[in-house]
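A.B. asks: Turn this into a structure:
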Amino acid sequence: MIIRRLSGPRIFVGMFIAVVFAIASWGMSQRVSAVSTDTYENLKIFTDVVSIIEDNYAEEVDSRELIYNAVRGMLRNLDPHSTFLTPEDYREMQVETKGSFGGIGIEIGIRDGILTVIAPIEDTPAYRAGIKAGDKIVKIEDKPTSDMTLNEAVKLIRGPSGSEITLWIMREGFTEPKPFTLVRDVIRVKSVKFRSLEDGFGYIRITNFQEHTAEELEKALDELGSRRGELRGLILDLRNNPGGLLQQAVAVANKFISSGLIVYTKGRAPGQDMTFNADEKGTHPHFPMVVMVNGGSASASEIVAGALQDHKRAVILGTPTFGKGSVQTIIPLSDGSALRLTTSKYYTPSGRSIQAKGIEPDIMVGRIVKAHIKERDLKGHLEEEEDTPEKKEEKLRITEEEIEAKEGQDIQLKRALDYLKSWYIFQQTMNTTKLDS
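C.D. replies: Numbering: from 1, shown residues only. Next up, the predicted model:
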């Protein structure tokens, strides 16, 4: 079984790994037959080194761990998203797509070689303890994180619900790292949250794309009266959404797009070129929409925003997105481990690659948060592609200076609602003008 993955750069602790489950043939036999003589010669060097270490190293070594470390090194030098999964890692990844896992509830990434908090998840131990975006985790218990991988950090931070863990945090304004002791809990990430803002105007937030996101979205839209004609406008909030299941991202976009292309992928190997199209079944009635994004909106959330933008189905408001336009394929190995390998790139319906660029909002509202790690900040990232003239499109973009917000006030949400209401005001004005003429 091959698993295709589309997610952002961060890992939830306990983490949410974004994957697409798909049964497909993998052309491994064809690739093996095409391996060059030079490659076989280099593999002989590798096996010679393993043999020398096993026979001559000062202490006895575990040959499997030796091979695992070598594979990790190979993948680490490809790009930030290609990694090796031990059997334990692979099993956990499959479980975590369900949306419930153990941990403290933070998203982490590596920025400038330092383990960094991307964001705490609401209503979790990390959130309640005051962990903030941009915090540097310099030690986990008594272990420094300077040379630690994301997977290694996740293993240390996770643990049984009710057990304690201490993170040593360095933050702007701190003169030295401070300990934060947290009690682990079962983290349940609710994928869809919604509420009515004003009469006829709804708000839906998608925190990530997991197994039942499209189903939860359907219930939210029904509660807001979409199919009953009661929904006059919708704000879809994808801010700080790190991605998730590609199939769910396509299903979410299909709720609002009745036909045409949603996303497509292109790769080198057979079977990596895929297209995902909308169909009319299940699509909701047309109403004005604003989609809110920021630098924490990545991968699957960028697919939804890009599709709605290209189809002119929604106005995109906020700040530029993360810019992860690559697809990872999970390839199971014989001992229960797996490779997470970057195998293709995805493109929006108009042919845009967002790799290292992101989605540019139609309306820029808010300052770019420096704490957000972008794809282009990651060491070894795939470079962005230049748009060809036929792919370039002039867009009307409005830039606003962020006004001073009162505590707890969401300026972007306020602006989004203002724009939705303005659409009806302009429509009434135009109808009145026609009558007068």
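A.B. asks: who does the longest helix along the chain touch, helix- and strand-wise?
C.D. replies: Longest helix in the chain by number of residues (criterion: DSSP state H): helix 411-436. Packing contacts for helix 411-436, counted by 3 or more CB pairs under 8 Å, 6 or more residues apart in numbering; DSSP states H and E, involve strand 201-206, strand 233-237, strand 289-293, strand 315-318, strand 363-365. (Each C-beta comes from the backbone N, C-alpha and C, glycine too.)
A.B. asks: now with 10 Å?
C.D. replies: The contact analysis (3 or more CB pairs under 10 Å, 6 or more residues apart in numbering; DSSP states H and E) places helix 411-436 against strand 192-198, strand 201-206, strand 233-237, strand 289-293, strand 315-318, strand 363-365, strand 398-400.
A.B. asks: Could I get those in a markdown table, plus columns for mean neighbour count and mean pLDDT?
C.D. replies: What follows is the helices and strands packed on helix 411-436, written out as a markdown table (neighbours: other CB atoms under 10 Å; pLDDT from 0 to 100):
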| stretch | mean neighbour count | mean pLDDT |
| --- | --- | --- |
| strand 192-198 | 16 | 94 |
| strand 201-206 | 22 | 97 |
| strand 233-237 | 24 | 98 |
| strand 289-293 | 27 | 98 |
| strand 315-318 | 24 | 96 |
| strand 363-365 | 20 | 92 |
| strand 398-400 | 11 | 55 |
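A.B. asks: Mind putting those strands into JSON lines with distance to residue 61?
C.D. replies: Converted to JSON lines, the helices and strands packed on helix 411-436 look like this (distance: least, CB to CB, whole Å):
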{"stretch": "strand 192-198", "distance to residue 61": "49"}
{"stretch": "strand 201-206", "distance to residue 61": "47"}
{"stretch": "strand 233-237", "distance to residue 61": "51"}
{"stretch": "strand 289-293", "distance to residue 61": "48"}
{"stretch": "strand 315-318", "distance to residue 61": "51"}
{"stretch": "strand 363-365", "distance to residue 61": "55"}
{"stretch": "strand 398-400", "distance to residue 61": "58"}
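A.B. asks: Go through the longest helix of the chain and flag the buried ones.
C.D. replies: Within helix 411-436, the residues scored as buried using 16 or more other CB atoms under 10 Å are 412-413, 415-417, 419-421.
A.B. asks: Output stretch 133-148 in CSV, but only the C-alpha positions, please.
C.D. replies: Provided in CSV are the C-alpha atoms of stretch 133-148 (Å, rounded to 0.1, in the frame of the first residue of the first chain):
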residue,chain,number,x,y,z
ALA,A,133,4.4,30.6,19.1
GLY,A,134,8.0,31.3,18.5
ASP,A,135,9.2,29.8,21.8
LYS,A,136,12.6,27.9,21.4
ILE,A,137,12.7,24.5,23.1
VAL,A,138,16.3,24.2,24.2
LYS,A,139,15.9,21.1,26.4
ILE,A,140,13.4,18.4,26.8
GLU,A,141,13.9,17.2,30.4
ASP,A,142,17.7,17.0,30.6
LYS,A,143,18.4,16.4,26.9
PRO,A,144,19.5,19.3,24.7
THR,A,145,17.6,19.7,21.4
SER,A,146,20.4,21.2,19.4
ASP,A,147,21.0,18.1,17.2
MET,A,148,17.6,16.6,17.6
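A.B. asks: average pLDDT for that stretch?
C.D. replies: Throughout stretch 133-148, pLDDT has a mean value of 92.
A.B. asks: mind listing what's buried in that stretch?
C.D. replies: 133-140, 145, 148.
A.B. asks: ok so, going back, and the angle for the longest helix of the chain with strand 201-206?
C.D. replies: For helix 411-436 against strand 201-206, the angle by axes from the mean of the first three to the mean of the last three CA atoms, to 10 degrees is 140 degrees.
A.B. asks: how does this structure divide into domains?
C.D. replies: In terms of domains, the chain is parsed into 2-29+39-93, 101-188, 192-326+345-429 (source: automatic domain parsing).
A.B. asks: Adding distance to residue 339 as columns, could you present those in JSON lines?
C.D. replies: JSON lines is the format used below for the domains of the chain (distance: least, CB to CB, whole Å):
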{"stretch": "domain 2-29+39-93", "distance to residue 339": "6"}
{"stretch": "domain 101-188", "distance to residue 339": "13"}
{"stretch": "domain 192-326+345-429", "distance to residue 339": "13"}
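A.B. asks: ok so, going back, where strands are concerned, which of the buried residues of stretch 133-148 count?
C.D. replies: With strands taken from DSSP state E, the overlap with the buried residues of stretch 133-148 comprises 136-140.
A.B. asks: between the residues you listed, which is closest to residue 54?
C.D. replies: Distances from residue 54 to these, taken as CB to CB, are shortest for residue 140 (31.4 Å).
A.B. asks: one step back: closest one to residue 155 among the helices and strands packed on helix 411-436?
C.D. replies: For residue 155, the closest of those is strand 201-206, at 28.2 Å, according to CB to CB.
A.B. asks: Determine how far the helix or strand following that closest one lies from the middle of the whole chain.
C.D. replies: Counting by DSSP states H and E, the next helix or strand C-terminal to strand 201-206 is helix 213-223. With CA atoms, centre = their mean, to the nearest Å as the basis, helix 213-223 stands 21 Å off its chain's centre.
A.B. asks: can you give me the mean pLDDT across helix 213-223?
C.D. replies: For helix 213-223, mean pLDDT is 97.
A.B. asks: for the residue lying closest to residue 90 once chain neighbours are set aside, what are its contacts?
C.D. replies: Leaving out its chain neighbours, the residue that sits closest to residue 90 by CB to CB, 6 or more residues apart in numbering is residue 338, at 4.5 Å. Residue 338 makes contacts with 3, 83-87, 89-91, 93-94, 329-332, as judged by CB atoms under 10 Å, 6 or more residues apart in numbering.
A.B. asks: Need phi/psi at residue 338.
C.D. replies: Main-chain dihedrals, residue 338, degrees, to the nearest 10: phi -160, psi 160.
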